[in-house]
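Novice: Build the 3D model from these lines:
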Amino acid sequence: MLTNLCIRPLPAHAHFLQQRYGSQSNVHIFETALGDENRIATLHVARDYEGNEHDYYHSLVKFDDTPTIAWAEGVDVECRTLDSLVVDGSIPRSVES
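Specialist: Now for the predicted structure:
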């Protein structure tokens, strides 16, 4: 059975996936960001100019606002390296294709 790793740093997105797929044994959901070091990082949340959160575009990189996206807030999230997830046994060292 194919294993699915879902990595979502935004709590609302991780919670949605957990509610929808958490009971499936082949789905593993991580509420974390991926980066080059283990740390707490700021996830810049993308919103439209009416204040509605986008479902995408969130980033660990702080970008300038655009005509359709404003990054008005940041949320502290856990950031992990892939290596650290392998070392602690959260994800497998190798994957079958």
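
Novice: can you pull out the helices in the chain?
Specialist: 11-21, 82-87 (DSSP state H).

Novice: List the buried residues in the last one.
Specialist: Looking back up the chat, that one is helix 82-87. residue 85 (16 or more other C-beta atoms under 10 Å). C-beta here means a position set from N, CA and C on the backbone, and glycine is covered the same way.

Novice: hmm, who's touching it?
Specialist: 30, 34, 38, 91-93 (C-beta atoms under 8 Å, 6 or more residues apart in numbering).

Novice: Now which of those residues would you call buried?
Specialist: 30, 91.

Novice: check contacts around residue 2.
Specialist: Counted by C-beta under 8 Å, 6+ apart, residue 2 has contacts residue 26.

Novice: how far away is it from residue 26?
Specialist: Taking C-beta to C-beta, to the nearest Å as the measure, residue 2 falls 6 Å from residue 26.

Novice: what's the answer for residue 65, then?
Specialist: For residue 65 relative to residue 26 (C-beta to C-beta), the value is 40 Å.

Novice: Please apply the same query to residue 40.
Specialist: In terms of C-beta to C-beta, residue 40 sits 30 Å off from residue 26.

Novice: now residue 82
Specialist: 19 Å.

Novice: separation between residue 63 and residue 50?
Specialist: Taking C-beta to C-beta, one finds residue 63 at 19 Å from residue 50.

Novice: And these two? Which one has more around it.
Specialist: residue 63 (11 against 6; other C-beta atoms under 10 Å).

Novice: So which of the contacts of helix 82-87 belong to strands?
Specialist: 30, 34 (DSSP state E).

Novice: Which strand in the chain has the most residues?
Specialist: The chain, longest strand under DSSP E: strand 70-80.

Novice: Need the outlier residue of the chain, farthest from its centre.
Specialist: Distance from the C-alpha centroid of the chain peaks at residue 67, with 24.6 Å (C-alpha atoms, centre = their mean).

Novice: Give the full set of residues in contact with it.
Specialist: So residue 67 contacts nothing (C-beta under 8 Å, 6+ apart).
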